[in-house]
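[1] Provided below for reference: sequence and predicted model.
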Amino acid sequence: MKRQVKNNVYWIGYIDWELKHFHGDDYSVEHGSSQNAYLIEEEKTVLIDTVWLPHRFEFVDNLEQEIDLRNIDYIVVNHGECDHSGALNTLMEKIPDTPIYCTANAVKSLEGQYGKKGWNFHVVKTGDTLDIGNGKQLIFVEMPMLHWPDSMATYMTGDNILFSNDAFGQHYAVEELFNDKADACVMNREAMKYFANILNPYAPLLTRKLKEIEALRLQIDMIAPSHGAIWRTEPMQIVEKYAKWADAYQENQVTIVYDTMWNGTEKIAHAIAKEVSSQSPDTVVKVFNISKTDKNDIMTEIMKSKAIAVGSPTVGNDILSSVSGWLAFLKQLKFKKKKAGAFGTWGWSGESVPHLQQYLKDAGFDVIEEGVKVYWAPKEEDWEAIPGFVQSLLQ
Ligand SMILES: Cc1cc2nc3c(=O)[nH]c(=O)nc-3n(C[C@H](O)[C@H](O)[C@H](O)COP(=O)(O)O)c2cc1C
């Protein structure tokens, strides 16, 4: 069933309460999600995006119940990823000549995924417009690498809606569709998690893009993303948050991340946390065991941190694979202007701390020289290294 968003603009997506993982197993979903497609019924009928592949038949059936598909004048593909374009094949089999408005890179990503189908592509660039009647227009804004090269946003004049696709979205199933009906804390947390885990690598591009959008002086009354709730009330709050998050965001927080086999490294992690609280009582300290905590949640905490400490025992002349796997993910996310320190245990060769330091440098962190290196299990004398380590971390 289509549901009204504003005037002649309707939501026609899929709310997915059962989704637990996204991007394979790379992104955890705690509160469900949605794939938001939008139907505009002005003098021209426009479909903006579709839904994920598994829901394609249901989506096209729903659409057919609402309108005669042959009345769709234009399809806009803001982003070619299959959670938005998954129903396109099924739809285009029924209306093969319908013009598809998208970026040049979306032609590549769509044809790369679905093959060359001879679809009627109309390539658009930033500032291009499409008249949809009743005095209203669509204005296209390319958003390359936010988060694919093909991404764009579509702005609708008259109703002043920005269809932002993945930008400003959240993996959050909100049955009532709008932010004023959603739990604001969850929405903020999910928006931040999405930013930290998907968009942070492109933060400098995002900063430039936000300035570019500002220069277009579009009156934005509503932001309709492709996942999660629609920002109907104070929509610019999420734009302001994105501007802050993209600018090497940090709070007064230190996050300690570790794994352990026989709990020695765990003891060091907690001793470091205690020392941070003692040296800087106002600093929020959080400790996570990588094997017991969702990796995406930890990344959200890293984004909020001014400094991190990472620990592992020495294993096979290196570090635990849980930690090295997590560090590889950390490197992808390109956090900026954060300090880091390493700690860990060893039995006979002792590579964990220098290896952790190198991994952290490679991930772009400002790594302190001091490391807490403990022979087998921590003993009284090992705690002596911790105050200096924490002091450097907090400086
Ligand atoms: C499977 C395995 C491999 C290990 N490999 C090394 C090694 O290559 N070099 C080394 O110095 N210690 C090695 N150790 C010793 C550990 O670093 C040591 O047991 C340490 O105290 C474990 O810390 P934890 O209590 O945090 O798990 C290894 C231990 C295990 C169980």
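    Noted; the coordinates are in hand.
[2] what residues does this structure put near the ligand?
    Proximity of the chain to the ligand, by CB under 6 Å from any ligand atom, involves residues 260-265, 313-317, 345-350, 376-377. C-beta coordinates here come from the backbone N, C-alpha and C atoms, glycine included.
[3] if we go to 8 Å?
    Contacts of the chain with the ligand, taken as CB under 8 Å from any ligand atom, map to 258-268, 311-318, 344-352, 374-377.
[4] which ones among those residues are found in strands?
    Under the assignment DSSP state E, the residues of the chain next to the ligand contribute 258, 311, 314, 315, 318, 344, 345, 346, 374, 375 to strands.
[5] from those, which would you call buried?
    For these, a burial check counting by 16 or more other CB atoms under 10 Å picks out 258, 311, 314, 315, 318, 344, 345, 346, 374.
[6] How about the second one: what's its closest non-neighbour residue?
    Nearest-residue entry for residue 311: residue 258, 3.5 Å, with adjacent residues in sequence omitted and distances by CB to CB, 6 or more residues apart in numbering.
[7] Same question for residue 306.
    Of all residues not flanking residue 306 in the chain, residue 250 sits nearest, at 4.4 Å (CB to CB, 6+ apart).
[8] likewise residue 329?
    Closest residue to residue 329 apart from its sequence neighbours, by CB to CB, 6+ apart: residue 295 at 6.3 Å.
[9] re earlier: the residue nearest to residue 311 contacts residue 308, correct?
    No - with contact defined as CB atoms under 8 Å, residue 258 does not reach residue 308; the gap is 10.7 Å.
[10] about what we covered before: how near is the residue nearest to residue 311 to residue 234?
    Separation of residue 258 from residue 234 (CB to CB, to the nearest Å): 39 Å.
[11] Show me the helices in the stretch 101-250 of the chain, by range?
    104-114, 184-194, 203-215, 236-245 (DSSP state H, counting those that start in this stretch).
[12] The second one packs against which elements?
    Secondary structure elements in contact with helix 184-194, counted by 3 or more CB pairs under 8 Å, 6 or more residues apart in numbering; DSSP states H and E, are helix 236-245, helix 295-304.
[13] now it, how far from the centre of its chain.
    Remark: helix 184-194 is offset 10 Å from the chain centroid, using CA atoms, centre = their mean, to the nearest Å.
[14] residues of that helix that come out buried?
    Using 16+ other CB under 10 Å as the test for burial, helix 184-194 gives 186, 187, 188, 189, 190, 191, 192, 193, 194.
[15] Check the shortest one too.
    Residues of helix 236-245 classed as buried under the neighbour-count rule (16+ other CB under 10 Å) are 237, 238, 239, 241, 242, 243, 245.
[16] picking that back up, which one of the buried residues of helix 184-194 is nearest residue 218?
    Nearest to residue 218 among the buried residues of helix 184-194 is residue 191, at 20.5 Å by CB to CB.
[17] that older thread, what would the helices and strands packed on helix 184-194 look like in JSON lines with mean pLDDT?
    Formatted as JSON lines, the helices and strands packed on helix 184-194 follow (pLDDT from 0 to 100):
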{"stretch": "helix 236-245", "mean pLDDT": "96"}
{"stretch": "helix 295-304", "mean pLDDT": "98"}
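[18] Using a markdown table, lay out these together with distance to residue 272.
    Putting these into a markdown table (distance: least, CB to CB, whole Å) gives the following:
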| stretch | distance to residue 272 |
| --- | --- |
| helix 236-245 | 26 |
| helix 295-304 | 15 |
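[19] Would you mind telling me which of those helices is nearest residue 384?
    Of these, nearest to residue 384 by CB to CB is helix 295-304, at 28.0 Å.
[20] I'd like the C-alpha coordinates of that closest one written as CSV, please.
    Extracted C-alpha coordinates of helix 295-304, given in CSV (Å, rounded to 0.1, in the frame of the first residue of the first chain):
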residue,chain,number,x,y,z
LYS,A,295,32.0,-4.9,15.5
ASN,A,296,29.8,-2.1,14.0
ASP,A,297,28.8,-1.0,17.4
ILE,A,298,32.4,-0.8,18.4
MET,A,299,33.2,1.3,15.3
THR,A,300,30.4,3.7,16.3
GLU,A,301,32.2,4.1,19.7
ILE,A,302,35.5,4.6,17.9
MET,A,303,34.0,7.4,15.9
LYS,A,304,33.1,9.1,19.2
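[21] list the helices and strands it packs on?
    Applying 3+ CB pairs under 8 Å, 6+ apart, one finds that helix 295-304 makes contact with strand 27-28, helix 184-194, strand 253-258, strand 284-289, helix 321-332.
[22] Put together JSON lines for the ones you listed, with mean pLDDT on each row.
    What follows is the helices and strands packed on helix 295-304, written out as JSON lines (pLDDT from 0 to 100):
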{"stretch": "strand 27-28", "mean pLDDT": "90"}
{"stretch": "helix 184-194", "mean pLDDT": "96"}
{"stretch": "strand 253-258", "mean pLDDT": "98"}
{"stretch": "strand 284-289", "mean pLDDT": "98"}
{"stretch": "helix 321-332", "mean pLDDT": "98"}
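[23] which non-adjacent residue is nearest residue 35?
    Residue 35's closest residue in space is residue 51 (CB to CB, 6+ apart), at 4.1 Å.
[24] Which helix or strand contains the one you found?
    Here residue 51, judged by DSSP states H and E, is contained in no helix and no strand.
[25] Can you show me the strands along the stretch 1-150 of the chain?
    Ranges of strands within the stretch 1-150 of the chain are 3-6, 9-11, 14-16, 21-22, 27-28, 33-35, 38-41, 45-48, 74-76, 100-102, 121-123, 129-133, 136-142, based on DSSP state E, counting those that start in this stretch.
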